[in-house]
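J.: what follows is a predicted protein model with its sequence.
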Amino acid sequence: MDIATLFGIFSAFALVITAIKSGGGMSAFINIPSFMIVAGGTLGATFINYPLKDVLRVGGILKNAVFQKKSASQTWIPVFVDFANTARKEGVLSLEGTVSKMKDPFLKKGIQMAVDGLEPQSIKEILETEIEFIRSRHRLGVDIFATMGAFSPAMGLIGTLIGLVQMLQSMEDASTIGPAMAIALITTFYGAIMANLIFLPISGKLRTRSQEELLVKELMVEGVMAVTKGDNPRIVEQKLHAFLSPRLRKSTFKR
Amino acid sequence: MDIATLFGIFSAFALVITAIKSGGGMSAFINIPSFMIVAGGTLGATFINYPLKDVLRVGGILKNAVFQKKSASQTWIPVFVDFANTARKEGVLSLEGTVSKMKDPFLKKGIQMAVDGLEPQSIKEILETEIEFIRSRHRLGVDIFATMGAFSPAMGLIGTLIGLVQMLQSMEDASTIGPAMAIALITTFYGAIMANLIFLPISGKLRTRSQEELLVKELMVEGVMAVTKGDNPRIVEQKLHAFLSPRLRKSTFKR
Amino acid sequence: MDIATLFGIFSAFALVITAIKSGGGMSAFINIPSFMIVAGGTLGATFINYPLKDVLRVGGILKNAVFQKKSASQTWIPVFVDFANTARKEGVLSLEGTVSKMKDPFLKKGIQMAVDGLEPQSIKEILETEIEFIRSRHRLGVDIFATMGAFSPAMGLIGTLIGLVQMLQSMEDASTIGPAMAIALITTFYGAIMANLIFLPISGKLRTRSQEELLVKELMVEGVMAVTKGDNPRIVEQKLHAFLSPRLRKSTFKR
Amino acid sequence: MDIATLFGIFSAFALVITAIKSGGGMSAFINIPSFMIVAGGTLGATFINYPLKDVLRVGGILKNAVFQKKSASQTWIPVFVDFANTARKEGVLSLEGTVSKMKDPFLKKGIQMAVDGLEPQSIKEILETEIEFIRSRHRLGVDIFATMGAFSPAMGLIGTLIGLVQMLQSMEDASTIGPAMAIALITTFYGAIMANLIFLPISGKLRTRSQEELLVKELMVEGVMAVTKGDNPRIVEQKLHAFLSPRLRKSTFKR
Amino acid sequence: MDIATLFGIFSAFALVITAIKSGGGMSAFINIPSFMIVAGGTLGATFINYPLKDVLRVGGILKNAVFQKKSASQTWIPVFVDFANTARKEGVLSLEGTVSKMKDPFLKKGIQMAVDGLEPQSIKEILETEIEFIRSRHRLGVDIFATMGAFSPAMGLIGTLIGLVQMLQSMEDASTIGPAMAIALITTFYGAIMANLIFLPISGKLRTRSQEELLVKELMVEGVMAVTKGDNPRIVEQKLHAFLSPRLRKSTFKR
């Protein structure tokens, strides 16, 4: 579980609430119609922008991003060194037994194709097409939240303009100007909060997660290719180490 | 029909109108000259920017985006597996009979060229040129609405500046300042509404639709190539499955 | 002549003037020093940014964009089908006679090189280099107007700041504040008008024109290549139809 | 010397000063602390952003951009036609004598490598690597000024915020509010002037210059390649003409 | 040590503090809750956006950027000329002895692979994969600071909105309006300071550093390839000189 995400959301909101309480009561900052116009308007614009089925999948995307366990690149390198050893000694076909035990569907597909005897070039193309479409599915989640982060301040501005126009229309009593403007500004406040504490950071988080996942997938393609071509296990390791930061590289060979 | 689009537009406007009514009457927000300057100015800038014939096609583009039935990627995979089976058993020429029954003109062109005996490389180039130009025709619609979404807040600002200058010129009576400013702000309000509830979300919708359509086209190119080259139906399926999200992949073969 | 451009400029300005007149006289919106600072400052920044000779060519670029007749892609396809017929029957050299009658210099150069016996690959490289530099010359016009559209609101802001500082320095008489601020705001108004009704739409128009012209050029390269390689006229047509929207495709062959 | 640059800077400043004088005295617009905070803060941010040695080279870059004589693309074409003639008649080695007389170091290196007998492919790679690094050195100058143009309005805003906070803290005497706000606004004014009349146009100028220079270099690579390969002088000319606007193309051959 | 970074930060802050002191006391600009909301909110958004381990590594990245000694491109050229000499005279294997003495791990890996007899193409691919991942690790640091620079003004705006709403809610006593607004503006001030004097310049610095480092790495790849292929030392020098500005090129050969 990605504790930083929850910690970030919690601490940012805690700070805002503390700041509000230190200067007065919370009640001035709770305004249901303002919330409705910002949240509802943002949702409306998002529903126009994206197909219904994609917006509805947002919850699942989000859950994955926060709770799904990440598989670190470095844990895969000994696996491929192992495969390369087996493939060199007993042939690629001997990997058939291990395929059924694999849990990662991407790796499984890659090794299965190698066992089935597809040409290395075809395997590479199929896996890279798959990576390309994983990337575009990930981008959808990133884009939906970025779109929400772009529309919510605009909705905040629209709400504030409504409040200002109404206030300016009926300015008989000067003492009501202040509170009326305060209410008008709250929609801008909601728009800024939603964009900067929720939608934009989540969009960024999804992008970061996507990059990490695709890095592992790219390492796997390189690994499957090396195994299929019958590369020397030492060279397989060296090739895959290029995907890691130097301090994470641990060789299984003694030099 | 894409119900989310209509639902999005309806709900966003409903929220804005509710918000306005809850704080006073609608009348303060209806101002024909303000509407004219924002809508007319935006249209004017768009007519300078794009050829007449392209702007006039916008209505049709929009209708397509909302009402045209989408063809899902997954429905095409069994079709290509079928073609691959026929082509392997009876030769590519045997597909001639099915060509005339195809409804999708892109697929029809691709298979027809295969039947006509063009080289795979030429078929690929022609289909990819076609995809490239479909993409650029789609982009035109996306760009026209994005341009409108960029010009309408600017027109709103211009209208507000006109109102402010007129108000400031004749500030003898302090009691008229409020209502005059209210009217000046309405053009900014119209600009923000038009951009964020109409033009920008529609531009986004057209972009999303374009991506979906082009994905199906790219799958078709891959499929036509595989059929032309006489690939094994299992491999055709595997290649095309790379275009789908894993949960949509259903094999027609038993392993 | 591109009537949409003139109609767009005319209608946008007519709307702005109508809006101004409906709320008071025009006189408040005419201020020579404000106009000087926005127009002059924008020109100054543009002269720093671009070589003298390029800025001076802007008038010609503009005239072309509005008045030059466009050649539609579809009119060129029968021409190339014709060339392909002749080249197949009588050899590429037989096109020599038609070269001298061609008006389009790009097409003429392409066919001339084919007649001169250059290798297809060299012809393609030369024509694509030429397209690349046509594109960069077009981009210059687009960029100059986009730059003007970026500098004019900034100059408007500078003028308004000057007016505000002067007003604030001498605020003894409260009754002069309104008109002084009105004058200060007029530079912002000029900046917004120039950017959004003139410079940015024209920049967009030039970009659209450039794309249309380059599309025709790319079709010509494809056509010249097909003729040079001695492609079957039917295939030439099929290749070039990929550049057209389906509803513009009219075959000269009966199927 | 590029007179447009000097003319642009001079006229833009003249206009601003005229505008200021027409509305009051200059003294209100001269404020040393405001200038210090904008100029100093911008320099500070630039020194953090770029290595000391690069910022210090800015003066030289600037002098080059304004005073260095440009070599027009068209003047180089007859030179390469000449080289091609010599190389065809007497062999590439015969160019050795002319190498020592060349002034352009890039051209000299290219021809020298041809004379030394390097393979065309190697020559091309070396010259293109060189172009790539000339481009990245040019981009440094463009980026430094663009960075200054981005930081100076931000510093103007910071200065204005300082002034506003100080004014608001001590608002006992209403008559001091105006002048205090005027002073606060002057930093914003300085930031806008520096960005829009100095830094951003100069950044644009450097970019335009870089494009012109690199175009000449790309023409030289094409020319050196053609000479090395022993192309026919007519074809050399035709290849290089693709780099020019049609109205600059003058053939040295009679057709 | 990169003195310009420290000088830039010091001078920018000195200027801001001087400007503040010249107009009044510092006390008005110190407000712990305002600082908490901007710094805390920015950190919160950053923790949502990036994995915990990456944000925690920021300190180390920063230290490296300021204190790590840079290796200049030009110092590596004689090294590679030397290697090329040895490799030509005594074979690539003779470099084995020098490998163990190398300090740069990237160069060491490259030469080691050459000594191990890997094919040039494989060495190139491995080293370029490594460069690609160094680039993406560098980009992480650049992006984290850029994200902070984007969120801090937004947090400043949120704090100011809180202050304004509270002030407007309780406007009974007009004399408190000024100081209350001053406090509200301080969060905007903090946001602007943090973004423009700290986060954005540091992000820019990291990007500049990354480009310098990767340039050296690219030169090394080119050098290792030339040595592996057994290029003539003069040609090695010529190839590597393309990576340098002309005034840094010093040949070790006499012409």
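T.: Nice, I can see it.
J.: I figured A:K70 hits A:Q211, correct?
T.: No. Contact between A:K70 and A:Q211 fails when scored by CB atoms under 8 Å: they sit 11.4 Å apart. Glycine gets a C-beta too; all of them are placed from N, C-alpha and C.
J.: ok, residues contacting the host helix or strand of A:F80?
T.: According to DSSP states H and E, A:F80 maps onto helix A:77-90. Here helix A:77-90 makes contact (CB atoms under 8 Å, 6 or more residues apart in numbering or on different chains) with A:94-95, A:98, A:111, A:219, A:223, A:226-228, A:230-233, A:236-237, A:240-241, A:244, A:252.
J.: list only buried entries from those.
T.: Buried members of the contacts of helix A:77-90, counted by 16 or more other CB atoms under 10 Å in any protein chain shown: A:95, A:111, A:219, A:223, A:226-228, A:231, A:233, A:236-237, A:240-241, A:244.
J.: count of neighbours near the residue lying closest to A:A4 once chain neighbours are set aside?
T.: Closest residue to A:A4 apart from its sequence neighbours, by CB to CB, 6 or more residues apart in numbering or on different chains: E:L52 at 3.7 Å. Counted with other CB atoms under 10 Å in any protein chain shown, residues neighbouring E:L52 total 14.
J.: does A:I123 touch A:G223 like I think?
T.: No. Assessed by CB under 8 Å, A:I123 is found out of contact with A:G223, at 11.6 Å.
J.: show me the shaky parts of chain A.
T.: Residues of chain A meeting the criterion pLDDT under 70: A:1-2, A:69, A:171-172, A:174, A:254-255.
J.: thought A:I177 was touching A:M167?
T.: Yes. When contacts are counted by CB under 8 Å, A:I177 is listed as touching A:M167 (6.6 Å).
J.: give me the more crowded residue out of the two.
T.: Under the neighbour definition other CB under 10 Å, A:I177 and A:M167 were set side by side, and A:M167 has more, 22 against 15.
J.: could you look up the SS state of that one?
T.: Following DSSP: H, G, I helix; E, B strand; the rest coil, we place A:M167 in the helix state.
J.: show me the contacts for it.
T.: Applying CB under 8 Å, 6+ apart, we find A:M167 in contact with A:T176, A:I177, A:A180, A:M181, A:A184, B:G178.
J.: hmm, which two among the residues you listed are most spread apart?
T.: The largest separation in the contacts of A:M167, counting by CB to CB, is between A:A184 and B:G178 at 13.4 Å.
J.: more neighbours: the two, which one.
T.: Neighbours were counted for A:A184 and for B:G178 using other CB under 10 Å; A:A184 has more, 23 against 18.
J.: can you give me the helices for chain A?
T.: With DSSP state H as the criterion, chain A has helices at A:3-22, A:32-49, A:52-56, A:58-67, A:77-90, A:96-99, A:105-115, A:120-169, A:177-193, A:200-228, A:233-241.
J.: now flag whichever of the contacts of A:M167 is closest to chain E.
T.: Closest to chain E out of those is A:M181 (5.0 Å), distances taken as CB to the nearest CB.
J.: the closest one touches A:L168, doesn't it?
T.: No. With contact defined as CB under 8 Å, A:M181 does not count as touching A:L168 (9.8 Å).
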